[in-house]
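J.: generate coordinates for the sequence data below:
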Amino acid sequence: MDAISATMKIAASGLEAQSLRVRMVSENIANANSLGSAPGADPYRRKTIVFEPTFDRHLGADVVGVKKIGTDPGDFKLSYDPSHPAANADGYVKVPNVNPLIEMTDMREATRSYDANLNVIEQARGMAMATLALLER
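T.: Got it, this is the predicted structure:
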């Protein structure tokens, strides 16, 4: 495989990984207020994603792979709301362990990484087109 095609495939793996990350962050933000429905029930638990390099024999290089999709084991905070169906005997409701500030920071980082990989693909495409133009002369 030529270097330009390999570069595009490596960057494409980064696009796919960051796209998945944006989806997970979006899900976390959407569920930031999802509470349990029964007394003492757990609310939505923040999802996390861990990436790792995976060697692609065909490319002869590392690409981005998903090592694990999991949940954040952090504790739930308690909010006093005795009228809520998920309130415990003391009137406290567990709220999701989602911090919107962290999620927005994660979203910004994922978006920037996505854009960087997209720029690599655009540059590689431009190099391929320039090479073809030279060969046509």
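
J.: now do the strands in this protein.
T.: Secondary structure of the chain (DSSP state E): strands at 47-56, 61-71, 77-80, 92-95.

J.: dump the residue contacts of the spatially most central residue of the chain.
T.: Centroid-nearest residue in the chain, with Cα atoms, centre = their mean: residue 21, separated by 1.0 Å. Shown in contact with residue 21 (Cβ atoms under 8 Å, 6 or more residues apart in numbering): 49, 106, 110, 113. Glycine gets a C-beta too; all of them are placed from N, C-alpha and C.

J.: rerun at 7 Å
T.: By Cβ atoms under 7 Å, 6 or more residues apart in numbering, residue 21 lies in contact with 49, 110.

J.: run through the residues that contact residue 68.
T.: With Cβ under 7 Å, 6+ apart, residue 68 has these contacts: residue 50.

J.: pLDDT weak spots in the chain?
T.: The model of the chain has pLDDT under 70 over residues 1.

J.: can you do 90?
T.: Residue ranges of the chain with pLDDT under 90: 1-5, 37-41, 58-60, 136-137.

J.: picking that back up, with respect to residue 37, which of the strands of the chain lies nearest?
T.: Proximity to residue 37 (Cβ to Cβ) singles out strand 92-95 among those, at 10.7 Å.
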